[in-house]
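In: what would the 3D arrangement of this be:
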Amino acid sequence: MGFAHNNVLHANHFRKDWQRRVRTWFDQPGRKLRRRNARKTKAAALGVRPLSLLRPAVRGQTVRYNRKLREGRGFTLGELKEAGVGRKEARSVGIVVDHRRRNISEEGKKLNVERLVAYKQKLIVFPRKAGKAKKGDSSAEDLTATTSRVTLPLPESFPAEAPRKITAEEREFEAFKTLRTARANARHEGARKARAAKKEEEEAAKKK
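Out: Residues are numbered from 1 along each chain as shown. Reported below is the predicted structural model:
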């Protein structure tokens, strides 16, 4: 092997004890089985409770992901209030509460309120002591009903529309022009208001 030009000679370190520095992952199948068994044990210990807590449906962050619905951290206090669930009661029946989250859109709030109402209708609260039902516990008929431990699935992010013909009104609509006009109106709104107020003041001064 020849060397060309005035380059640095290689100092290849081939005599290192490399086998001590290699990280292996041979226990991965065993860990997988161990995790699965732990999940089964936990599910059995929970009794008839749902396997996971109820969380809100929220949109992903940024323009790239906001078309997707995913599970959020917890329901807002406003959503709980509209659904008629107390914040302490919610935590006792498997509903996660997030006091920091804020509702930005009415659609998102409505979606989560509907989710809470649906959960409440399906919820069966067993009494702590058999035969001694307290306020908020389910009736005797509900206690004998068949139970499901699966949590509510997330709704569709966008309802699918059936194909249809484009109307004449839609063909004539100029989306780009409308957007530009709306942006311009929003940009100049403050200046226009100030100009109108100044004009009114001048006219009032002339009348005096």
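In: make it CA atoms for all contacts and neighbour counts henceforth
Out: OK.
In: next secondary structure element downstream of the worst-scoring helix or strand of the chain on mean pLDDT?
Out: Of all the helices and strands that make up the chain, helix 140-143 has the lowest average by mean pLDDT, DSSP states H and E, namely a mean of 62. Using DSSP states H and E, the helix or strand that directly follows helix 140-143 along the chain is helix 168-172.
In: which parts of the chain are helices?
Out: Per DSSP state H, the chain carries helices over the ranges 28-45, 62-65, 77-83, 87-92, 106-122, 140-143, 168-172, 175-207.
In: want to throw these into CSV with distance to Arg55 and mean neighbour count?
Out: Conversion of those to CSV gives the following (distance: least, CA to CA, whole Å; neighbours: other CA atoms under 10 Å):
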stretch, distance to Arg55, mean neighbour count
helix 28-45, 19, 11
helix 62-65, 19, 8
helix 77-83, 12, 17
helix 87-92, 11, 13
helix 106-122, 9, 16
helix 140-143, 24, 12
helix 168-172, 39, 8
helix 175-207, 36, 11
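In: rank those helices by pLDDT, which is bottom?
Out: Ranked on mean pLDDT, the bottom entry among the helices of the chain is helix 140-143, at a mean of 62.
In: just want the most central residue of this structure.
Out: With distances taken as CA atoms, centre = their mean, the chain has Val58 as the residue nearest its mean C-alpha position (2.5 Å).
In: for Leu77, see how far away that one is.
Out: Plainly put, Val58 is 15 Å away from Leu77 if you go by CA to CA, to the nearest Å.
In: show me what contacts the residue nearest to the centre of the chain?
Out: With contacts defined as CA atoms under 8 Å, 6 or more residues apart in numbering, Val58 is in contact with Leu69, Arg70, Glu71, Gly72, Gly108.
In: could you do Thr24 as well?
Out: Residues touching Thr24, when contacts are defined by CA under 8 Å, 6+ apart, are absent altogether.
In: ok, it to Ala184 distance?
Out: As judged by CA to CA, Thr24 and Ala184 stand 61 Å apart.
In: quick one: Asp98 from Pro56, how far?
Out: According to CA to CA, Asp98 stands 10 Å off from Pro56.
In: neighbour count: those two, which is higher?
Out: Pro56 (26 against 15; other CA atoms under 10 Å).
In: give the contact list for that one.
Out: Contacts for Pro56 were tallied using CA under 8 Å, 6+ apart; they are Glu71, Gly72, Arg73, Gly74, Phe75, Asn112, Arg115.
In: how much space between it and Ala184?
Out: The value you get for Pro56 to Ala184, if CA to CA is used, is 37 Å.
In: cool, Val8 as well?
Out: The span separating Val8 from Ala184 equals 63 Å under the rule CA to CA.
In: one more: Lys40?
Out: 60 Å.
In: what does Glu200 give?
Out: 24 Å.
In: how about Leu51, nearest residue that isn't a chain neighbour?
Out: Closest residue to Leu51 in three dimensions, ignoring its sequence neighbours and counting by CA to CA, 6 or more residues apart in numbering: Arg149, at 5.9 Å.
In: for the one you found, grab the count of nearby residues.
Out: Around Arg149 there are 12 other residues, counting by other CA under 10 Å.
In: quick one, phi/psi of it?
Out: Here is the backbone geometry of Arg149 (degrees, to the nearest 10): phi -100, psi 0.
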